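S.K.: Got a predicted structure plus its sequence, pasted below:
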Amino acid sequence: MPQAPAALETRGLVVAYDQKVVVDGVDVALPKGSFTVILGPNASGKSTVLRSLARVLKPESGEILFDGRRLEEFGSRALAREMGLLPQDTVIPEGMRVADLVSRGRHPHHTPLQRWRAADDDATRDALEATGTADLAGRFVDQLSGGQRQRVWIALLLAQQTPVMLLDEPTTFLDIAHQYDLLDLLRRLNGEGKTIVAVLHDLNQAARYADHLVLMKEGRVVATGSPSELITAERVREVFGIDAVVCPDPVTGTPMVVRK
């Protein structure tokens, strides 16, 4: 079966913090229309790669291609119409209501002369409803719980309506029910044609929801492929340093990791 063209691709990507290299020569292609999860232990470079893909971090060397074009060829507004990012380090705005924050996802679709449209109302409302935050619309963001805030940030990303969505540990602060609600939502959006790229820590959630995995360790890509190809006892030991049994998930049949 031919492989889908890459939505995003890195070639020789090197990223450093304070002159210390944390991503070292990464070559990876993320298929268009895939649900890709980047996995690896702490400090493996997962979030750094994601932030570089979103042009939040500037590489020391190498290049990033988006739909075959160098990332720097895109203007900021044009890129924000094509690719949205949910970062880890969101800043909680003081005195802003939920609906107003979520509506900011519509800004890339406006020009200085273009007014708010009915389509913007629809996108904001749909994002609130999809994330179960419609009942919070009038609340102040800084008065919400951590889990509620996380769902509001995801609603903002949905309101942006980009064909590519990058999410850095999106299940942080969410209880287990909302984690699966979010992953179900992402899989539904993926089924509708969106390219999803997420950093996750839970191997079993990644195996259940993703169709493409990127395994990282010490700033390098160890392997890429489907969950059935990559989630093996040998790979889990190599990348995460734990002894585990990998067996079929009794519900989905996808690989399930059980620590010995």
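M.R.: Okay, I see it. Numbering: from 1, shown residues only.
S.K.: Helices of this structure, start to end?
M.R.: 46-53, 76-82, 98-103, 118-130, 146-160, 176-191, 203-209, 227-230, 233-240 (DSSP state H).
S.K.: Buried ones in the second one, by neighbour count?
M.R.: Read that as helix 76-82. L79, A80 (16 or more other C-beta atoms under 10 Å). For glycine as for every other residue, the C-beta is placed from the backbone atoms N, C-alpha and C.
S.K.: Grab the most central residue of this structure for me.
M.R.: In the chain, the centroid-proximal residue (C-alpha atoms, centre = their mean) is L167; its distance is 2.2 Å.
S.K.: Report the contact partners of it.
M.R.: Contacts for L167 (C-beta atoms under 8 Å, 6 or more residues apart in numbering) come out as L85, L86, I154, L157, L186, I196, V197, A198, V199.
S.K.: and it, how far is that from C247?
M.R.: Per C-beta to C-beta, to the nearest Å, L167 is found 28 Å from C247.
S.K.: now D168
M.R.: 29 Å.
S.K.: One more: H109?
M.R.: Distance from H109 to C247, by C-beta to C-beta: 46 Å.
S.K.: neighbour count winner among those two?
M.R.: Counted by other C-beta atoms under 10 Å, H109 and C247 do not tie: H109 has more neighbours, with 18 against 11.
S.K.: ok, now which ones touch the closest residue to that one other than its chain neighbours?
M.R.: Among residues not flanking H109 along the chain, R81 sits closest, at 6.3 Å (C-beta to C-beta, 6 or more residues apart in numbering). Neighbouring residues of R81 by C-beta under 8 Å, 6+ apart: P108, H109, T162.
S.K.: returning to that earlier point: do you know which of the helices of the chain lies nearest D27?
M.R.: Closest approach to D27 among these is made by helix 46-53 (11.3 Å; C-beta to C-beta).
S.K.: follow-up on the earlier one: nearest to A137, out of the helices of the chain?
M.R.: helix 98-103 (4.1 Å).
S.K.: Show me what the closest one is packed against.
M.R.: Packing partners of helix 98-103 (3 or more C-beta pairs under 8 Å, 6 or more residues apart in numbering; DSSP states H and E): helix 118-130, helix 146-160.
S.K.: Quote the end-to-end distance of stretch 161-177.
M.R.: With C-alpha to C-alpha, to the nearest Å as the measure, stretch 161-177 spans 25 Å from end to end.
S.K.: May I see the buried residues of it?
M.R.: Q161, T162, V164, M165, L166, L167, D168, E169, P170, T171, F173, L174.
S.K.: for stretch 221-236, same thing?
M.R.: Buried residues in stretch 221-236 (16+ other C-beta under 10 Å): V221, V222, T224, P227, L230, I231, A233, R235, V236.
S.K.: List of residues touching it?
M.R.: 26-29, 40, 203, 206-208, 210-216, 238-239, 242-246, 254-255, 257.
S.K.: what's the offset of it from the middle of its chain?
M.R.: 19 Å (C-alpha atoms, centre = their mean, to the nearest Å).
S.K.: can you check stretch 32-44 too?
M.R.: 8 Å.
S.K.: how much space between the closest residue to L213 other than its chain neighbours and G105?
M.R.: Once flanking residues are discounted, L213 sits nearest to L230: 4.9 Å by C-beta to C-beta, 6+ apart. Separation of L230 from G105 (C-beta to C-beta): 33 Å.
S.K.: One more: V258?
M.R.: The separation that V258 has from G105, given C-beta to C-beta, amounts to 39 Å.
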